[in-house]
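Novice: Sequence plus predicted model, see below.
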Amino acid sequence: MAAETIPLEKVTRLYLIKHHLFRKAKSNQLLKVVGDVCGLHAQASTTPYLSLWSRVENFKNDLLDHELYRNRSLVKTWCMRGTLHVIPSQDLPIYNQALRRMWFEHHGRFMRAPDWPSREERKNFIYPKIREALADKPLKRKDLNAKVQSLLRDDSKHYQRLFSGWGGILKETAYEGLTVHAKPCDRESCFARLDQWLPNLDLQ
């Protein structure tokens, strides 16, 4: 039986429909939209809002903020290609299982001694301090850095760069299932412990 040739126009139409770009979804379908497109790219803070504005009727920024920071049915974290995405919280275990290996075998390979603490050192000494530092509330990157430095009692150079603006160890702890992005603090990125932000979620 000969293979069927599908016209480009039909493929394009299907793509637009699947991505809610042919016809906008209802505002109460916001979660479905995010799930259908496999997450919203969020490297720039405005990008997920623009993505939903293109796909959801009568979209207002508050709709996304409500699901991210009040209902927490959506979560912002590092995902595909080592970049930030907004994904359905219930899908985080799937993404984590699929992408965790990618971090340690590819994107995270630059975190090598002597410029960085070893992976064992990070897991055994730094991860616990990050968890301790975030025990009371989410923190900005610079505040988390200062608190961890204080807990470690070490201000050496290779510890100072752990919390660099592009992600640093917070990318790694995201893939490890320890931290996620919380609600921004004074328009700056803020980080929370996953077990406190989404206490009913099991990554296993």
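Specialist: Structure's in. What do you need?
Novice: When you work out contacts or count neighbours from here on, use the C-alpha atoms and nothing else.
Specialist: Noted.
Novice: next structured bit after the helix or strand bottoming out on mean pLDDT in the chain?
Specialist: Lowest mean confidence among the helices and strands of the chain (mean pLDDT, DSSP states H and E): helix 157-160, at a mean of 62. Going down the chain from helix 157-160, the next helix or strand is helix 169-175, by DSSP states H and E.
Novice: contact partners of that following helix?
Specialist: 77-79, 82, 96, 99-100, 103, 108, 127, 162-163, 179-180 (Cα atoms under 8 Å, 6 or more residues apart in numbering).
Novice: can you tell me which residues contact the residue nearest the centre of the chain?
Specialist: Closest residue to the average C-alpha location of the chain: Thr77 at 0.8 Å, with Cα atoms, centre = their mean. Residues in contact with Thr77 (Cα under 8 Å, 6+ apart) are Leu84, His85, Val86, Ile87, Ala174, Val180, His181.
Novice: same thing but 7 Å
Specialist: By Cα atoms under 7 Å, 6 or more residues apart in numbering, the residues touching Thr77 are Leu84, His85, Val86, Ala174, Val180, His181.
Novice: cool, Ser73 as well?
Specialist: Glu67, Pro88, Ser89.
Novice: where do the helices sit along this protein?
Specialist: 8-18, 30-36, 47-53, 61-65, 92-102, 119-121, 127-133, 141-152, 157-160, 169-175, 194-197 (DSSP state H).
Novice: Now the longest one: buried residues?
Specialist: Across helix 141-152, burial judged by 16 or more other Cα atoms under 10 Å covers Arg141, Leu144, Asn145, Ala146, Lys147, Val148, Gln149.
Novice: Isn't the first one up against Cys190?
Specialist: It refers to Arg141. Yes - the criterion here is Cα atoms under 7 Å, and Arg141 meets it with Cys190 at 6.4 Å.
Novice: Out of the contacts of helix 169-175, the closest to Ala135 would be?
Specialist: Lowest distance from Ala135 to the contacts of helix 169-175 (Cα to Cα) belongs to Thr179, with 11.4 Å.
Novice: who does the closest one bridge with?
Specialist: Arg193 (DSSP bridges).
Novice: going forward can the numbers begin at 535, since that is how I track them
Specialist: New numbering, starting at 535: the last item is Thr713.
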